[in-house]
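Asks: Sequence first, predicted coordinates after that:
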Amino acid sequence: MTDEATDQLIDHFVSVVRPVLPLVSVWAHGSLAGGDYQPGRSDLDLIAVLDRPCTALEEQRLGEVHESLGSAIPLASKLHCSYPIATELDDPARSHLTWAHEELMHRAVTPVTRRELHDFGLVLYGQPPSALLPPVTDAQVADFIISDMAGFWRPSLDHPERWSRDIWVDLGLLTLARAMVTLRDGKLITKAEALDVLTEMGAPREVVDDIRQRRYGNHSRATDQWTARRADLTLTFLGPAIEQITTLPSSKDGKHRPASDNPTPTRGHRPPATSDGPVHCVERSV
C-alpha cells in the first residue's frame, strides 16, 4: 500500500527517466509490490528495462537525474533501480547498471527478485515481466538463497561490531526467516510475515518486538546497553540457525526440508571480534 507522496515520486521518476534512456518497461518488486510497503521506512525497489546499453553520456545523465531527485524529494533516497538490457535478462548472475545507496554501481537481478517480479511485480510502465523476463526454477531460487546465506550472512557473523546497527539486525533476521519459508514451502513471504516466522523459529522475542516496533510502530532511540544486548542475542541465535539452513537436505520435489523449524541456539555462541573496516553496501531491501 502506497501513499500519495510515493505515488507522485514514482510517476515523476518514470517521467524524467523516459527522455534520458531507451526505456522499455519499469517494474516494482520488494515491499512496494508485495503489499508490505511502509512509507518513509521501506525502500522503493524498481527495475527499469532498457532496449540497449546506455552510452557514457546517458549514464552520466542518469546519475544526475537520481541526484536531482534526491536533492528535491527526500523520499527519493529510498529509491533503488537496476537498469538491465532486455536482451541480457536471461542470466541471473549477470550484473546490470544500478542506482542504489545514492550511487551508480553494478549488481545482478537475483533469482529471488525475478521470482517476486513474476509472482507479484507491479508494472509501472511498458510490458509486464512475463513478456521479457525468463522464469526461474525453484532450484535456482534455492541455490541462490543457500549461497547467499553461506557466502554473505555466515561470514558477517565474524564481524560482531556490525550487529549494533539496526539494518544488520533487521535484514539478518528477516532474511533468515524468509529464506527458511522459501526453502521449505517454495513461497515468498513479506517482512511482516517473517516476524511471525521468527517467533516460531525461537528467535529472541525482545529482538523480534524491537524490529516490529521500528518497522511498524513508533520507535524511540535505543540505548547503547540495549543495542549491545540486542547484538549478542541476535548473533547467538543466527549462528546455528544459518548453519541449519545451509545444510538442509533436498527432497524429491526440489524443496529443502529443515529437520526442525525451531533451531536450538548454542548458548554462548559469539563470533570473534575482528576489525571491520568500511562496511560494503548491504544489497538487500529494508
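Replies: Noted; the coordinates are in hand.

Asks: I figured Gly40 hits Leu75, correct?
Replies: Yes. The pair Gly40 / Leu75 is scored as a contact, 6.7 Å apart, by CB atoms under 8 Å. Quick note: C-beta positions are derived from backbone N, CA and C, even for glycine.

Asks: which residues touch Asp45?
Replies: Asp45 sits next to Ala28, His29, Gly30, Ser31, Leu32, Ala33, His80, Thr113, Ser285 when contact means CB atoms under 8 Å, 6 or more residues apart in numbering.

Asks: 10 Å - rerun?
Replies: Each residue near Asp45 by CB atoms under 10 Å, 6 or more residues apart in numbering is listed here: 27-34, 37, 78-82, 100, 113, 116, 284-286.

Asks: Quick check: Tyr216 touching Pro39?
Replies: No. Tyr216 is beyond contact range of Pro39, at 11.8 Å (criterion: CB atoms under 10 Å).

Asks: What ranges does the stretch 1-150 of the chain have for its helices?
Replies: For the stretch 1-150 of the chain, the helices defined by DSSP state H, counting those that start in this stretch occupy 4-17, 30-34, 56-72, 111-120, 129-132, 138-148.

Asks: rewinding a little: more neighbours: Gly40 and Leu75, which one.
Replies: Between Gly40 and Leu75, Leu75 has the larger neighbour count (other CB atoms under 10 Å), namely 17 against 10.

Asks: which non-adjacent residue is nearest that one?
Replies: Leu9 (5.4 Å; CB to CB, 6 or more residues apart in numbering).

Asks: Tell me who's in contact with the one you found.
Replies: By CB under 10 Å, 6+ apart, the contact list for Leu9 reads Thr2, Asp3, Leu44, Leu69, Ala72, Ile73, Pro74, Leu75, Ala76, Lys78, Leu79.

Asks: taking those one by one, which sit in strands?
Replies: Among the contacts of Leu9, the residues falling in strands (DSSP state E) are Leu44, Leu79.

Asks: need the contacts of Leu9 in a markdown table with pLDDT and distance to Gln127, can you?
Replies: Formatted as a markdown table, the contacts of Leu9 follow (pLDDT from 0 to 100; distance: CB to CB, whole Å):
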| residue | pLDDT | distance to Gln127 |
| --- | --- | --- |
| Thr2 | 75 | 22 |
| Asp3 | 89 | 27 |
| Leu44 | 96 | 20 |
| Leu69 | 96 | 24 |
| Ala72 | 93 | 29 |
| Ile73 | 94 | 27 |
| Pro74 | 92 | 31 |
| Leu75 | 94 | 27 |
| Ala76 | 95 | 25 |
| Lys78 | 94 | 25 |
| Leu79 | 97 | 21 |
